[in-house]
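Trainee: Dropping the sequence and predicted coords here.
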Amino acid sequence: MKKVLITGAAGFLGSHLCDRFIKEGYHVIGMDNLITGDLKNIAHLFPLEQFEFHHHDVSTFVHLEGKLDYILHFASPASPIDYLKIPIETLKVGSLGTLNLLGLAKEKNARILVASTSEVYGDPLVHPQNEEYYGNVSPVGPRGVYDEAKRFMESITMAYHRYHGLETRIVRIFNTYGSRMRLNDGRVVPAFMGQALRGEDLTVFGDGSQTRSFCYIDDQVEGIYRLLFSDYPEPVNIGNPHETNIKEFAEEIIALTGTNQKVIYKPLPKDDPLQRQPDITKAKEILGWEPKVDRKDGLKIVYDYFKSLSPMELQKKEHRNFTSDKE
């Protein structure tokens, strides 16, 4: 049985990747420091012999006994609320964490896939965004702690590939939604659905003309899985190219939930990107991948998931595991 290490295993994307690799017959080693992840996302895997969990921060030295075939590095805060509250941890996991895992991959002769992000494009001056675009990012802005951590991640990953001949893969993940997202994590899908379920007005930042493209979790996981087993070492966008503006999306959520809240407007946060749409030409050509799940169908599944949450989870405002690193 081949072994795969998945960091950030208790998070949204990481937990779904654990499910996929268990289904495909792998022995899965999940690793997470639980600063933004939650064990409930992987609780169903603990009884399985082919799953093990390590409570560990990959920003410190990572060691595993025995052979290891693949590493998927998904450990990182991934929403603005998270990484603005714990900026130093965000920088560490993208830099030191990536360095540690590349070293582990080299030691084990394992293939490693790292989770980059559409945020490497910053507030783009090119639309849609293709992999050749270098981005428009402020390294000293508040969002720079996430954007630049991921840009460094890509750079050091390619350095290990070129210098050491390490088998590396880089996925640039665009907005993804699905079950196990935290309602309070600040991303637009759970934010709007949480507000609708609590009877609150939906908050749009800016005038709502900024655009996003939403990819359902099953499509995202399929793209990542195909990329890992491809022969392509450079970054590949995985996302849904169907673009919508945030004002229209808020109205879509109100219609879906059958609520009658208003849409209210607040100032746009600094460096918040005005456009986000992936060019997925490479994913189509190299991986034979494109999203299959229609947004209307995916949102219905996610809404049903959020409706099933307890009143306590629905009202929770703060993630219980946040502690700030003051180093």
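Mentor: That came through fine. This structure is a prediction, so every number in the text was calculated from the model and none was measured.
Trainee: show me where this structure has helices.
Mentor: 12-23, 80-85, 87-108, 144-164, 188-198, 217-228, 246-257, 281-282, 295-307, 311-315 (DSSP state H).
Trainee: Who are the packing partners of the longest one?
Mentor: In terms of contact count using 3 or more Cβ pairs under 8 Å, 6 or more residues apart in numbering; DSSP states H and E, helix 87-108 is assigned the packing partners strand 3-7, strand 70-73, strand 111-117, helix 144-164. Every C-beta, even on glycine, is put in place using the N, C-alpha and C of the backbone.
Trainee: Any idea which of these gets closest to residue 94?
Mentor: Nearest to residue 94 among the helices and strands packed on helix 87-108 is helix 144-164; the distance by Cβ to Cβ comes to 2.7 Å.
Trainee: buried stuff in that closest one?
Mentor: Across helix 144-164, burial judged by 16 or more other Cβ atoms under 10 Å covers 144-154, 156-158, 160-161.
Trainee: can you list the helices of the chain in CSV and add distance to residue 129 and mean pLDDT?
Mentor: Below are the helices of the chain laid out as CSV (distance: least, Cβ to Cβ, whole Å; pLDDT from 0 to 100):
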stretch, distance to residue 129, mean pLDDT
helix 12-23, 20, 98
helix 80-85, 19, 88
helix 87-108, 20, 98
helix 144-164, 13, 97
helix 188-198, 18, 90
helix 217-228, 16, 98
helix 246-257, 17, 91
helix 281-282, 11, 98
helix 295-307, 19, 94
helix 311-315, 34, 82
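Trainee: got these as CSV, with distance to residue 208 columns?
Mentor: As requested, these are exported to CSV (distance: least, Cβ to Cβ, whole Å):
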stretch, distance to residue 208
helix 12-23, 25
helix 80-85, 17
helix 87-108, 27
helix 144-164, 23
helix 188-198, 11
helix 217-228, 25
helix 246-257, 3
helix 281-282, 29
helix 295-307, 17
helix 311-315, 25
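Trainee: any idea how far residue 224 is from the closest residue to residue 100 other than its chain neighbours?
Mentor: Counting by Cβ to Cβ, 6 or more residues apart in numbering, residue 100 lies nearest to residue 62, which is 4.7 Å off, once chain neighbours are set aside. In this structure, residue 62 and residue 224 are 21 Å apart, going by Cβ to Cβ, to the nearest Å.
Trainee: So between the two, which is more surrounded?
Mentor: residue 224 (24 against 20; other Cβ atoms under 10 Å).
Trainee: hang on, isn't that one packed against residue 238?
Mentor: Yes. Using Cβ atoms under 8 Å, residue 224 is in contact with residue 238, at 6.4 Å.
Trainee: any residues in contact with both of these two?
Mentor: With contacts defined as Cβ atoms under 8 Å, 6 or more residues apart in numbering, the residues shared by residue 224 and residue 238 are 171, 173.
Trainee: hang on, the earlier thing: how about the helices and strands packed on helix 87-108 in TSV, adding distance to residue 245?
Mentor: Putting the helices and strands packed on helix 87-108 into TSV (distance: least, Cβ to Cβ, whole Å) gives the following:
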stretch	distance to residue 245
strand 3-7	34
strand 70-73	32
strand 111-117	21
helix 144-164	22
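Trainee: Those: which one's closest to residue 180?
Mentor: strand 3-7 (14.1 Å).
Trainee: For that closest one, C-alpha coordinates in CSV please.
Mentor: Presented in CSV, the C-alpha positions along strand 3-7 are these (Å, rounded to 0.1, in the frame of the first residue of the first chain):
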residue,chain,number,x,y,z
LYS,A,3,1.8,6.1,1.6
VAL,A,4,0.8,9.7,1.2
LEU,A,5,1.4,12.5,3.7
ILE,A,6,-1.3,15.2,3.6
THR,A,7,-0.5,18.3,5.7
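Trainee: got a list of contacts for it?
Mentor: Contacts to strand 3-7, defined as Cβ under 8 Å, 6+ apart, come from residues 14, 17-18, 21, 26-32, 58, 64, 66-75, 97, 101, 104, 110.
Trainee: Just the buried residues of the residues you listed.
Mentor: The neighbour-count test (16+ other Cβ under 10 Å) marks 14, 17-18, 21, 26-32, 58, 64, 68, 70-75, 97, 101, 104, 110 as buried among the contacts of strand 3-7.
Trainee: Need phi/psi at the nearest residue to residue 274 once chain neighbours are set aside.
Mentor: Excluding its sequence neighbours, the residue lying closest to residue 274 (Cβ to Cβ, 6+ apart) is residue 210, at 4.6 Å. The phi and psi values for residue 210, taken as degrees, to the nearest 10, are phi -70, psi 150.
Trainee: Quick one: residues contacting residue 210.
Mentor: Residues in contact with residue 210, defined by Cβ under 8 Å, 6+ apart, are 245-246, 268, 272-276.
Trainee: Restricted to strands, list those residues.
Mentor: residue 245 (DSSP state E).
Trainee: Nearest to residue 49, out of the helices of the chain?
Mentor: With respect to residue 49, and counting by Cβ to Cβ, the nearest of these is helix 12-23 at 10.5 Å.
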